[in-house]
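1. following is a predicted model, sequence given first.
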Amino acid sequence: MELQIIDSDYIVLNNKPIVRLFCKNINGETICVFYDKFLPYFYLHGDETKYEETIKEINKKYPNLKIEIVERLMPIGFQPPVKVLKITGDNPARTPELREFVKVFGTVYEADILFKYRFMSDFDLKGMGWINVEGKFTKTNTVKCKAFDAEEIKPLEILKNAPLRYMALDIECLPAEQRIPTPEKDMIIAVSFAFSPAYKGKDTLVLIAQLARINNDAIACESEKAMLEKMKEIIDDYDPDIICGHNINGFDIPFLLKRLEILSIPQDLGRSEKFAFSRKLQRSYMPSVSGRVIVDTFEIFKRDPWVKFKRYDLSTISRELLGMEKIELKGSYVDTMREMWRTKNVIDLIEYSKRDAVLALKLVVDKSLLDKFFEISKICGLLLQDALGGQSQRHEFKLLKEFYKRKFIMPCKPTSVSDRIKKHGLKGALVLEPQVGFHEWVVCLDFTSMYPSLIRANNICTTTFLTNGENVDHIVSPYGSKFVKPSVFKGVLPDVVDEYLNARVLVKKQAKIETDPENKRILKAKNLALKDLSNSLYGYTGYVRSRLYVVDIANTITAFGRDTITYTKKLIEENFPVKVIYADTDSVFIKSDVKSLEESEKLGIEISSFVSSKLTGLDLKFEKIFKTFLIEAKKRYAGWVFEREGTGWTDRIEMKGIETVRRDWCSLVSDTMLDVLNIILKEKDINKASKYVRQIVGDLAKGKMPLEKLTIVKGVTKAIDAYDGVQPHVELAKKMMQRDKTKSLVGERLGYVIVKGNQLLSKRAEDPDFVKQNGLEVDPEYYVYNQLLPPLERMFEVCGITPSELLEGVKQKSLLDILNGQKQLPPDKTVLKSFELAVCNNCNWSFRRPSLTGNCPKCSSPLYFSAAGSIGRTVDFNKK
DNA sequence: GGCTCTCGGGG
DNA sequence: GTGTACGAGAGCC
């Protein structure tokens, strides 16, 4: 029988463990596989000459333990095999106790591996992986699905996934006050579901905790307890593989479990008799529902480094990705819910609750959100639930498996991490000082998978690390650390990296020719998974909680990286008539006097293949062309990018570090920033850009700007008295609560504008509606000097326009003067050129930036602009 | 620039 | 469940 592993755990029967694998077959049936021939074990490394004694000592206290002397390889430092004790126990739950007891005899290894993972590692089974099982179906009341007693379990390689059942879940509560509800005090009044595929012909279902009048999509229950029992019935009946929701880990699941406890309802939400639980650690909760996977869309999106949102609430993400939003309530949540509940008019409640479930489900199913995580599971071996978590566990388990295959033993996780944090000292990547300013025709090249390539090329691993200058063939890194050559021993890390990089090349190739859309999707997801895994692997040795923490190795990798980029710059500038104007980690930005896309591309390719040929194991690639490029500082730039697409080019504006959208800015700022950048980059017309800014300033001063564009939104997160500083939105909340004593604004997001007046700034925050009704005026000075100018000034400054020039030197005067006495900018010299120097024609005085007038500030003669590059000649840009 | 502090999502 | 895990952005020198 062929099955795909969804989840795993174990139970203890007669003091012996039985591993359970919750699986799906290709038809979507749930089958739980039992395996009872595997026992927990770990290693002890102590004084090898005293092992016989040690065994006796341990057996005195634990007579039934099987203890063998075996040969294994140590995880850190290249060295010959050592003898260790392999201690095999019976009940995994008692391993910690055993571990503590034997610690006095030496160092323990692998004594903190979860039993299900010990089993999966040794049998080479993977989360979301397929297996072939032999055995027979059996009867049991410990699981709610079909049960199968396995004699043999073997891994299989199958690309496709079994059809899964997805359920989104969302609860609504009735808080007694204006605050986020707590399960100890507040009840659940509604539970909504969305299903994929449909459940009994329904895509959604809402349960209500009172016998109110309802519509077709809902079921009215006589109490909260009856509703939650009904909810369990539906979960068991639908039997979802995936339960998803937005912030379901941080809210719904823990809330639900606590309510079940309070109402004395068993918490068996999973596929077995085991109770679901959700453990809190620091900020986040870890859910565990046996046989199922809990997917929190909030956590997934927040953790995704490739897609950024302004906010991570369900409404924002759904709007961006699905073009759909949450239903907006007319009043505050508490007031609305209490009113609906009191009047038993729950139709709106049903709609509201249903929408949340529908959105969460759509984000997961319609956006194929889990594809990448399925592949991460299949590659590193973690169960899907754990693959949704952080990077470190992924590498940890993959490396455990690879260590096991090669007879290396893995250290336990560090118990205390503070000493590591104290003297951490990991030096990062190299970022060259950029040539600040405006440039044209910039070619961008970057190393594909630089860190993984360096690991592979130099055999960097804890297992190849030479701790003392042993007499074996080795390389010495720029950091000074030594690693044995692959001919002596090929490291585990390089092997894993090699597997990832090769797989990626293959997967990309396959994806191109694959015609089946599902397979194509999976291959694309696999490519992303491999990219994430290979790029983050290097960080594992420098991660303070790592089992393989060796800062020297992490430092070696970044040192290699810094050397590589420095050498690349040198190679390029010594062999080509170009200048490297910026470089960051694994990319270089090159300026030449080439002036077309095709020529730039040709040059880029020529340079990159030259560099690649000089650096073995590394591949520098032509990436893109910036037709125009504005760089303010390290990691802060914007450019008009052209990328090759087939026979043509695609273009877009790319921004790094220059934020045009920020939560605490009003939309006027974001809009203006974007418009100005577009003018500068696409039209190169700084005059037009500054005129544009002055026009906005003018509109502001005349009060022509719509209030919506000036509204700044901030959340009132805590009780008003709990704030000690004076903040505009908090002051406004106070005022508004004064005006309407019934209102509480705690927990709400408050929009405000700053109005004219001579009070303290924060006291002048006002409700936009109140401003409209009472004909108040906004304070243009505030918007110009506090909102608009700060982000714009730097952009203009690097283009050679000082803040005072931007507003025609009237910054000191009142805004009215700007309007009345607006001078014209000089007609020419306002089109941006990329230059390195402005030199006076008359007195030869040179300036890093030209003045806006185009005349020398010293002697008023016209300036000329020159570009001095590494090419050793000066190009005259003023050939009129 | 580097460091510490805050707050997020949910109802 | 052989467990024990934040991280980006803002504010401050």
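-> Received, thanks.
2. and A:Cys173, that one's in a helix?
-> No. Assignment of A:Cys173 by DSSP: H, G, I helix; E, B strand; the rest coil gives strand, placing it outside any helix.
3. contact partners for it?
-> A:Pro181, A:Asp186, A:Met187, A:Ile188, A:Ile189, A:Phe255, A:Met337 (Cβ atoms under 8 Å, 6 or more residues apart in numbering). Quick note: C-beta positions are derived from backbone N, CA and C, even for glycine.
4. kindly report the same for A:Thr336.
-> Contacts of A:Thr336 by Cβ under 8 Å, 6+ apart are A:Leu329, A:Lys330, A:Asp348.
5. give me the pLDDT for it.
-> What the model reports for A:Thr336 is a pLDDT of 93.
6. please state the offset of the strand or helix carrying it from the chain centre?
-> Assigned by DSSP states H and E, A:Thr336 falls within helix A:333-343. Mean-position distance between helix A:333-343 and its chain equals 37 Å (Cα atoms, centre = their mean, to the nearest Å).
7. tell me which residues in the following helix or strand past that helix are buried?
-> On the C-terminal side of helix A:333-343, the nearest following helix or strand under DSSP H and E is helix A:347-365. By neighbour count with 16 or more other Cβ atoms under 10 Å, helix A:347-365 contains the buried residues A:349-350, A:352-365.
8. and which of those is nearest A:Ser318?
-> A:Leu359 (4.5 Å; Cβ to Cβ).
9. residue in the stretch 251-400 of chain A nearest to DNA strand C?
-> Nearest residue of the stretch 251-400 of chain A to DNA strand C, counting by Cβ to the nearest atom of the strand: A:Gln282, 3.4 Å away.
10. can you give me the neighbour number for that residue?
-> A:Gln282: 5 surrounding residues under other Cβ atoms under 10 Å.
11. what do you get for A:Glu777?
-> 11.
12. need the contact list for it.
-> Applying Cβ under 8 Å, 6+ apart, the residues near A:Glu777 are A:Gly703, A:Val755, A:Lys756.
13. again, but for A:Ser272
-> With contact taken as Cβ under 8 Å, 6+ apart, A:Ser272 is in contact with A:Asp9, A:Arg20, A:Cys32, A:Thr142, A:Val143, A:Lys144, A:Ser290, A:Gly291.
14. distance check, it against A:Ala150.
-> For A:Ser272, the distance to A:Ala150 equals 17 Å [Cβ to Cβ, to the nearest Å].
15. what's around A:Ile219, how many residues?
-> Neighbourhood size, A:Ile219 [other Cβ under 10 Å]: 16.
16. hang on, it in a strand?
-> Yes. Assignment of A:Ile219 by three-state DSSP places it within a strand.
17. from DNA strand B, how far off is the residue of the stretch 251-400 of chain A closest to DNA strand C?
-> Counting by Cβ to the nearest atom of the strand, to the nearest Å, the gap from A:Gln282 to DNA strand B is 8 Å.
18. sorry, back to before: give me the buried entries from the contacts of A:Glu777.
-> Judged by 16+ other Cβ under 10 Å, buried ones among the contacts of A:Glu777: A:Val755.
19. around DNA strand B, pick out the residues from the stretch 551-700 of chain A.
-> A:Ala633, A:Lys634 (Cβ under 7 Å from any atom of the strand).
20. how about the helices in the stretch 551-700 of chain A?
-> A:551-575, A:597-614, A:667-678, A:686-701 (DSSP state H, counting those that start in this stretch).
21. now for those helices, which one comes closest to DNA strand C?
-> helix A:667-678 (11.6 Å).
22. anything in that closest one near DNA strand C?
-> No. Helix A:667-678 does not reach DNA strand C (Cβ under 7 Å from any atom of the strand); its nearest approach is 11.6 Å.
23. avg pLDDT for that helix?
-> Regarding helix A:667-678, the rounded mean pLDDT is 85.
24. between the helices of the stretch 551-700 of chain A, which one is closest to A:Tyr166.
-> With Cβ to Cβ, the closest approach to A:Tyr166 among these belongs to helix A:667-678: 35.8 Å.
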